[in-house]
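# Okay, predicted coordinates and the sequence, questions at the end:
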Amino acid sequence: MKFRIVFLFTTISSFLFSQNKELDTLKQDSIPQHSVKRAVIYSSILPGAGQVYNYLNIEKGVKGKNNVFWKVPLIYAGVGAAGYFLVQNEFTQLSLKQEYNYRKENNGEISNQKYVYYDSLTLLSEHSRYLTKRDLSILVFGAAYLVQIIDAGIEAHFVKFDISDDLTFQIRPKLLNQKTVGIGLCFNFR
């Protein structure tokens, strides 16, 4: 008799507490998912666009995730400065090369008064130095561009990540008695 009651109870309770899979899939589909791929693509096309995309998908009012716009001016400052030095070093090395070639073809005559005090050997060494600076500027420009793309991708992973004070594990300083200091572990469950 007891076996029949237990069997009947488990059978009925499993029907009562079973979930409708169609409703669960509809609920999951209705939640907009944040795309890491989209953030990376946006940031690849336009520097800083991935960071703005991530910001627009952050839940508003969550502590610690409010202001991420400070990254966009830093991105443009880094990429812009690297681009500026790239252009300046390219034009300077081209100017030095043109001056050297002009002097070589015209028996030492000077075409650009900026290089009056330079001899041919100095022009060649300065040309080589500005070529090196240009190459380093290319590397810095590429690194700044790549770092902002990586930042957008990493930040996109943490858009829906909970960083509130209701975390499950916290470490806090603890005063055990008047002379003993310790560490307290605090577990919070929502």
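Cool, the structure landed. What you see is a predicted model, and the numbers here were worked out from it, not measured in a lab.
# From here on, just use CA atoms for contacts and neighbour counts.
Fine.
# any idea which residue sits dead centre in the chain?
Nearest residue to the geometric centre of the chain (C-alpha atoms, centre = their mean): Asp151, 1.1 Å.
# next structured bit after the helix or strand containing it?
Assigned by DSSP states H and E, Asp151 belongs to helix 120-157. Going down the chain from helix 120-157, the next helix or strand is strand 169-175, by DSSP H and E.
# packing partners for that following strand?
Where contact means 3 or more C-alpha pairs under 8 Å, 6 or more residues apart in numbering; DSSP states H and E, strand 169-175 is packed against strand 181-187.
# partners of the strand it packs on in the sheet?
Neighbouring strands of strand 181-187 in its sheet, by DSSP bridges, are strand 169-175 (antiparallel).
# Would you mind pulling the contact partners of the partner strand?
The contact list for strand 169-175, computed with C-alpha atoms under 8 Å, 6 or more residues apart in numbering, reads Val181, Gly182, Ile183, Gly184, Leu185, Cys186, Phe187, Asn188.
# shaky segments in this protein?
Counting by pLDDT under 70, the chain shows low-confidence ranges at 1-32, 61-67, 162-168, 188-190.
# burial count for Glu59?
Burial of Glu59 is recorded as 14 neighbouring residues (other C-alpha atoms under 10 Å).
# go on, Val68?
14.
# ok, now how distant is the closest residue to it other than its chain neighbours from Val40?
In this structure, Val68 finds its nearest non-sequential neighbour in Tyr55, 6.5 Å apart by C-alpha to C-alpha, 6 or more residues apart in numbering. Distance, Tyr55 to Val40, using C-alpha to C-alpha, to the nearest Å: 13 Å.
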